[in-house]
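> just coords:
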C-alpha cells in the first residue's frame, strides 16, 4: 500500500512537471523578440501607402488576390529604386513583397503606376503627388501564431499644414481628419506616439495577419 502511494505521488509530480514545461513552452512560443518586432514594423512600412494615392493607406482584404490593385502596384513602385524597368522586374518585386500566393499579373500595357514607353521598350514609374499629411501607424499588439503573427496597429495622421504656414506645429489627426492633439515640429516620435496611445479609442485600429516563410514576412489578410 505504501509503495502504491509513493508511485502515485511520483506520477503526480511527473504530471505536474509536464504541465509546467508545456506552459513554459507555450509562453516561449508567444514571446516576441526585438528583432521580430523590428522586422514586422519594417515590413508594414513597406506596404503602408498614402490615402491621397490609394484612398486607404492600408486597405482591408481577406486574401491578397482580392486586395485593391492600385494599392498593390503603388506598393511595388514605392519599394523600387529604378524608375525605368523591365516587365519582369515589376512582377518579381510584387512576388518579393506579397509572396508567391499573389496571382495578380502586371498588365503588359502598363497602368496608373507604371507607363510603358515604346521608345525605350521599358516601363516608367509615374509621378506620385503627395499632400502635407503623413499617413502612419503605431504597433499596438503582436501575437505569435503557428506560421506567423497577428498584428494590431493604430492608424493616425501627422498633418504638417501648420508648419507650411510658418507655424512650428504638427497636428495629430485620426483618419476622419479630426484633430486629436498637437506637438511642436521638433518633438520626438515618442511624444507623438504617447498622444496616440492616450487617445487610442479615437483612432482607427486594423489587424494584419502575417505569414512568415524562410525568414520573410508576407501579408495574408487585413481586417
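Looks like it came in fine. Just so you know, these numbers come straight off a predicted model, no measurement behind them.

> how about residue 188, what does it touch?
Residue 188 makes no contacts at all, as judged by CB atoms under 8 Å, 6 or more residues apart in numbering. For glycine as for every other residue, the C-beta is placed from the backbone atoms N, C-alpha and C.

> separation between it and residue 145?
For residue 188, the distance to residue 145 equals 33 Å [CB to CB, to the nearest Å].

> okay, which residue is most central for this protein?
Closest to where the C-alpha atoms of the chain average out (CA atoms, centre = their mean) is residue 44, at 2.4 Å.

> just to confirm, which helix or strand has it in it?
Assigned by DSSP states H and E, residue 44 belongs to helix 34-47.

> tell me the phi and psi of the closest residue to residue 63 other than its chain neighbours?
Once flanking residues are discounted, residue 63 sits nearest to residue 221: 7.0 Å by CB to CB, 6 or more residues apart in numbering. Phi and psi for residue 221, reported as degrees, to the nearest 10, are phi -160, psi 140.

> Might one say that residue 221 is in contact with residue 62?
Yes - in this structure, residue 221 is within contact of residue 62 by CB atoms under 8 Å, at 5.7 Å.

> pLDDT below threshold where in this structure?
Within the chain, the ranges that satisfy pLDDT under 70 run 1-30, 164.

> Please repeat the previous calculation with a cut-off of 80.
Residues of the chain that meet the criterion pLDDT under 80 lie in 1-30, 163-167.

> what ranges do the strands span in it?
Secondary structure of the chain (DSSP state E): strands at 84-85, 114-117, 122-125, 133-145, 148-159, 169-173, 179-184, 204-213, 216-222.

> Enumerate every residue touching residue 153.
With contact taken as CB under 8 Å, 6+ apart, residue 153 is in contact with 44, 58, 137, 138, 139, 140, 205, 206, 207, 208.

> Skipping adjacent residues, who's closest to it in space?
In space, residue 153 is closest to residue 137, 4.4 Å off (CB to CB, 6+ apart).

> Let me see the domain layout of this structure.
Using automatic domain parsing, the domain parsing of the chain gives 51-125, 130-222.

> quick one: which of the ones you listed is nearest residue 39?
Checking the domains of the chain against residue 39 by CB to CB gives domain 130-222 as the closest, at 6.2 Å.

> quick revisit: quick check, the residue nearest to residue 153 in contact with residue 157.
No - with contact defined as CB under 8 Å, residue 137 does not count as touching residue 157 (10.2 Å).

> buried stuff in stretch 90-108?
Within stretch 90-108, the residues that qualify as buried by neighbour count (16 or more other CB atoms under 10 Å) are 90, 91, 93, 94, 97, 98, 99, 102, 104, 106.

> Report the buried residues of stretch 109-121.
For stretch 109-121, by 16+ other CB under 10 Å, it's 110, 111, 113, 114.

> now the closest residue to the last one other than its chain neighbours: how far from residue 31?
What that stands for is residue 114. Residue nearest to residue 114 in three dimensions, not counting chain neighbours: residue 123, with 4.2 Å by CB to CB, 6+ apart. Distance of residue 123 to residue 31, computed by CB to CB: 44 Å.
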